[in-house]
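# sequence and predicted structure below; questions after.
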Amino acid sequence: MAKSVLLVGVGGQGTILASKLLTTGLLEAGYEVKMSEIHGMSQRGGSVSSQVRYGEEVFSPVIELGGADILVSFELMEAMRWIEYLKPDGQIIVNNYKIPPMPVVMGECEYPEDIPERLCALAQTTIVDAAAIANDLGNPRVMNVVLLGTIIKAMGLTQIDWERIITQNVKPAFVDINIEAIKAGMNAVN
Amino acid sequence: MRTLMTGDEAIARGAYEAGVVFAAAYPGTPSTEILENLAHYPEIYSEWSPNEKVALEGAIGASIAGGRAIASMKHVGLNVAADPLFTFAYTGVNGGTVIITADEPGQYSSQNEQDNRNYAKAAKIPMLEPSDSQECLDMTKLAFDISEQFDTPVLIRMTTRVCHSKSPVITGERPEVTLKPYERKGNKYVCVPAVAKKLRVNIESRTAKLKEFSEKCIYNKAEYNAESNIGVISSGISYYYAKEVFGSGVSHLKLAMTWPLPLDLIKDFCDRMEKIYIIEENDPYLEEAVRALGFKPLGKDIFPPYDEMTPDTIRKSLFGETLPTISADTEVVINRPPTLCAGCPHRGFFYEIAKRKNVMISGDIGCYTLGMAPPYNAMDSTICMGASLSIGHGAQRVFDMTDRGTRVVSVLGDSTFFHTGMNSLLNVAYNQSNTINVILDNRITGMTGHQDNPGSGYTASGESAPMIKIEDVAKAFGFRNIRVVNPNDLQQVSDVLDELLALDEPSVLITRWPCALKKFSPEDKMEFAGAYTDKFAVDQDTCIGCKLCMKAGCPALSFDTKAKKAAISRTQCLGCSVCAQVCPKDAIKKEVRQNG
């Protein structure tokens, strides 16, 4: 059976780089891999997803409703938006990070405060302070690779040589901090 | 070695390995990355053409001259290129020629959903439909061979999920490329009626030969399961969706050459089945062919004729439900509609035009279509590329028949202007509707991710190019009222709108400021020195909580409903100053720079 990893977030959060590193590692480890993304108009501050499927044989590149083994959300509310794509016994990893949508920005409605509680009540949920971890490492932008580390741990993919994958796919100046970020992410989940 | 590629990257690689020498395209989701990748191969001359018709015509010229050529476009782009397409089908090729149409079931970034398999049938041009990236590469090479063997252009139909999904690909090498000799052949390429009538007849025998080829084409393949009498027929990405739901417990007929269809193969497959499902996105294209053979498949009577045919959609149609899901109260989820970016130079224009009464705003295709959304709500129509100016022209003519005094402001971007807006502006110049024709010149093709265009000063491969100035075009058309403004200067925008709305003749307004996300060229750095380097902040003591700044609709702004104060995200702010100009209390101020 193919495994399905659903990465969701808001345009500009770096889901694309995270899924690129993930799929590169999976391919080198010998899996069949398919990945699907939607580019275009939806990316202007909109909700975005990267869908990664791997296994011995993969048919659809798209994850269906109730089909994801793991939902990794780079933003709190996005986890709620995509939760129907998770298997009932699937797990959620969510970044404890809010990006207010335009109606909230405009002061028309409030960003709900209880999303972590709601998620925990619905599925096995790990809340990760990826933004804080990335800040501590010295670069808030590596938040995405911290979250990649959590996926690797949660999906049991730690045997793949991620340091080499990062070294080969990230600009030299950012290799060290990204390796630190992926390790920090792995340590952030049990 | 296996590498992961998107379908778009694999098409480009396939063209490279097929010895293509000429590539042309106009950007359009989901096809854009095909030409972007082709332009990375120095062996291939690659260009962004002003529109898809021009791109295809360039490819036809390259073919006649003896080179292999490719033109790629999104589904609606093929409408623009349909005129040369239908006659190119008559003339055939010298160098093999392939046209890529990237369809968008689900309309993620498109104004409509159309099934371009119908074009293959209507134009009598062979069509291939790859299902994954390896097939994109392999079928592109095959398409060039078909093109030369049967003397015909070939269409490849992609869909969003084929274009933008990654899967493993094994690549090959590019052969030594030799151009075919050129000789003048008036009875082949000069389609006057006497020639075209003969060419039309020839198409029939070509089609018969192509059908024989389709019957034996290795990519049209039946996978039989002897235990089952259920058969599933599909093509393109729908094949993988069907495999996901039906698995190998049924027989599958995967069709890759979908015009001309291998009708004998289909009949043979259907003869062995008790029950036949047709899984295809959009139109009942395969279904109608199967019905014409006398079978009664289950198709659009149970599956939707619109949107994507993803596994959950198939399950819902078949079984009435998807896989088990977590049912959650999603009422707490707030929509995240796409918005103009922080610093977007379109903001100033839409902020000002939104305040005007009794205007019809005729819109177009691009980032600025978001002017239709709150808080601007400033758009009355959007139909297709370049249409704003001509629709505005027609509307103004009818408004003039009333005594309401409604004025039309037509608005489109620089790339859309060069695409087909130029013809529309020519019509305004010629037939003199009293319209205000606005070109939002952000110095790049924005929505599709920053492709160069005739105004940007660079080619697809990054070479320096002449920079066509929109005001010079308007001047050449004979407009007497041409204004160029900085859209971030609200007073300037407002004043020029007052002036142009008071005129009794057509005018052209160009708002010139680069896209906030654009990588500045040396010319941009000179012309727009200092752009996007400032930061603004709200002085919390001066802010009275009036929320007027929210009408600027900038994602860098937020409003704290408890403190009743506005705030600006420093990381998002790009210093356009629009919100500061809107603030009635001067509470939004530019940060003083520490280091000069």
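Good, I have the coordinates.
# quick one, phi/psi of the closest residue to residue B:589 other than its chain neighbours?
Leaving out its chain neighbours, the residue that sits closest to residue B:589 by C-beta to C-beta, 6 or more residues apart in numbering or on different chains is residue B:539, at 5.9 Å. Quick note: C-beta positions are derived from backbone N, CA and C, even for glycine. When quoted as degrees, to the nearest 10, the phi and psi of residue B:539 stand at phi -80, psi 110.
# can the lowest-mean-pLDDT helix or strand in chain A be found next to chain B?
Lowest on mean pLDDT, DSSP states H and E among the helices and strands of chain A sits helix A:102-105, with a mean of 84. Yes - using C-beta under 8 Å from any C-beta of the partner chain, helix A:102-105 reaches chain B at A:102-105.
# now that helix: buried residues?
A:102-105 (16 or more other C-beta atoms under 10 Å in any protein chain shown).
# now do stretch B:519-531
So, applying 16+ other C-beta under 10 Å, buried residues of stretch B:519-531: B:520-521, B:524, B:528, B:531.
# what do you get for stretch A:123-140?
Buried, per 16+ other C-beta under 10 Å, within stretch A:123-140: A:123, A:125-128, A:130-131, A:133-134, A:137.
# what do you get for stretch B:396-409?
By 16+ other C-beta under 10 Å, the buried positions in stretch B:396-409 come out as B:396, B:399, B:407-409.
# got it, and stretch B:463-478?
So stretch B:463-478, judged by 16+ other C-beta under 10 Å, has buried residues B:465, B:468, B:470-471, B:473-474, B:477.
# same check on stretch B:322-341?
Result for stretch B:322-341 [16+ other C-beta under 10 Å]: buried residues B:322-323, B:325-326, B:328, B:333-334, B:336-341.
# tell me what the host helix or strand of residue B:408 is packed against?
Under the criterion of DSSP states H and E, residue B:408 resides in strand B:407-413. If you count contacts as 3 or more C-beta pairs under 8 Å, 6 or more residues apart in numbering or on different chains; DSSP states H and E, strand B:407-413 packs onto helix B:346-353, strand B:359-362, helix B:387-399, strand B:436-441.
# residue A:156: how many residues sit nearby?
For residue A:156, the neighbour count with other C-beta atoms under 10 Å in any protein chain shown is 8.
# gap between it and chain B?
Using C-beta to the nearest C-beta, to the nearest Å, residue A:156 is found at 21 Å from chain B.
# looking at that residue now. What's its pLDDT?
With respect to pLDDT, residue A:156 has a value of 94.
# and for the one 3 residues further on?
On the pLDDT scale, residue A:159 is placed at 95.
# and the nearest residue to residue B:250 once chain neighbours are set aside, what are its bridge partners?
Leaving out its chain neighbours, the residue that sits closest to residue B:250 by C-beta to C-beta, 6+ apart is residue B:230, at 4.2 Å. Assessed by DSSP bridges, residue B:230 has beta-bridge partners residue B:275.
# OK, contacts around residue B:230?
Contact analysis of residue B:230 by C-beta atoms under 8 Å, 6 or more residues apart in numbering or on different chains lists B:246, B:250-251, B:273-277.
# show me which residues of the stretch 201-350 of chain B are close to chain A?
Checking the stretch 201-350 of chain B against chain A by C-beta under 8 Å from any C-beta, the hits are B:237, B:240-241, B:243-244, B:308, B:310-312, B:315, B:322-330, B:332-341.
# switch the cut-off to 7 Å
With C-beta under 7 Å from any C-beta of the partner chain as the criterion, the stretch 201-350 of chain B meets chain A at residues B:240-241, B:243-244, B:310-312, B:322-326, B:328, B:330, B:332-339, B:341.
# cool, the stretch 1-150 of chain B as well?
When proximity is defined by C-beta under 7 Å from any C-beta, the stretch 1-150 of chain B lies next to chain A at B:2, B:4, B:29-30, B:108-109.
# who's in contact with the least confident helix or strand of chain A?
Helix A:102-105 is contacted from outside by A:109-111, B:334-335, B:337, B:339, B:555, B:557-559, using C-beta atoms under 7 Å, 6 or more residues apart in numbering or on different chains.
# where does the residue nearest to residue B:250 land on pLDDT?
Confidence score, pLDDT, at residue B:230: 98.
# what separation do you get for it and residue B:223?
Per C-beta to C-beta, to the nearest Å, residue B:230 is found 12 Å from residue B:223.
# same thing with residue B:138?
18 Å.
# now do residue B:183
46 Å.
# more neighbours: which of these two?
The neighbour comparison of residue B:183 against residue B:223 (other C-beta under 10 Å) goes to residue B:223, with 14 against 8.
# please name the bridge partners of that one.
Under the criterion used (DSSP bridges), residue B:223 bridges to residue B:252.
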